[in-house]
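> okay, here's the prediction I keep looking at, along with the sequence it came from:
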Amino acid sequence: MGDSLITIIAIVLAAILMFVFPLMSMADRTDDMSQLTVQTATTEFVDNVRSTGKLTMADYSAFEQKVYSTGNSYEIEMQLDSLDENPGKKTAQASNTKIGENVYYSIYTSQIFDALQNDGYLAMKEGDMFSTSVKNTNTTLAQQLKNFFYTVAGNDTYTIAAEHGGYVTANGSSN
């Protein structure tokens, strides 16, 4: 009886070592490749928008297609902090050469989409700040396996995320 119990335990341990751990390793590698793809696509997208000063629906669709090519679902958020120069307003600051102050107002994803659908593009000006963040919304295979074995990740966590932003360096044209 004792030998058969040890044999069964040895078979179960061998099955775990031969199948489950390699599967976990491959799933982690898949998440790593997805992370790299999403980070690269986000950086390229934001840098393109910043250098041209213009966001078009075609640019966004190409970015979205690259991100979704990983096989995961994502939440994509964009933010444009538009520089509102107000040179006519007098200030009481110590600098006598400054006439007025610069204020940023924020435009978020839904407002950006409204502009893209109405005009087909969103023109920006030099000095604006544009940023994009991407987070996966589905549970990947690696997350499922880790949840099963370790109970590490919760329901609200994500494993694939990217964020990039910066100043717009060119004025977008309306053509």
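Yep, it's here.
> so what does M26 look like in phi/psi?
phi -70, psi -40 (degrees, to the nearest 10).
> show me what the helix or strand harbouring D84 is packed up against.
Assigned by DSSP states H and E, D84 belongs to strand 74-86. For strand 74-86, the packing partners by 3 or more Cβ pairs under 8 Å, 6 or more residues apart in numbering; DSSP states H and E come out as helix 57-68, strand 101-108, helix 109-119, strand 129-136. The C-beta positions use only the backbone N, C-alpha and C, and glycine is treated the same way.
> out of those, nearest to D31?
strand 129-136 (8.9 Å; Cβ to Cβ).
> next structured bit after the closest one?
helix 141-149.
> what's the angle from that next one to strand 129-136?
Relative orientation of helix 141-149 versus strand 129-136 (axes from the mean of the first three to the mean of the last three Cα atoms, to 10 degrees): 50 degrees.
> could you list the buried residues of helix 141-149?
The neighbour-count check on helix 141-149 (16 or more other Cβ atoms under 10 Å) flags A142, Q143, L145, K146 as buried.
> what about the strand holding D84, distance to the chain center?
In this view, strand 74-86 has its centroid 14 Å away from the chain centroid, taken as Cα atoms, centre = their mean, to the nearest Å.
> flag every buried residue along that strand.
Applying 16+ other Cβ under 10 Å to strand 74-86 flags Y74, I76, M78, Q79, L80, D81, S82, L83 as buried.
> same deal with stretch 18-33?
For stretch 18-33, by 16+ other Cβ under 10 Å, it's M24, A27, D28, T30, D31.
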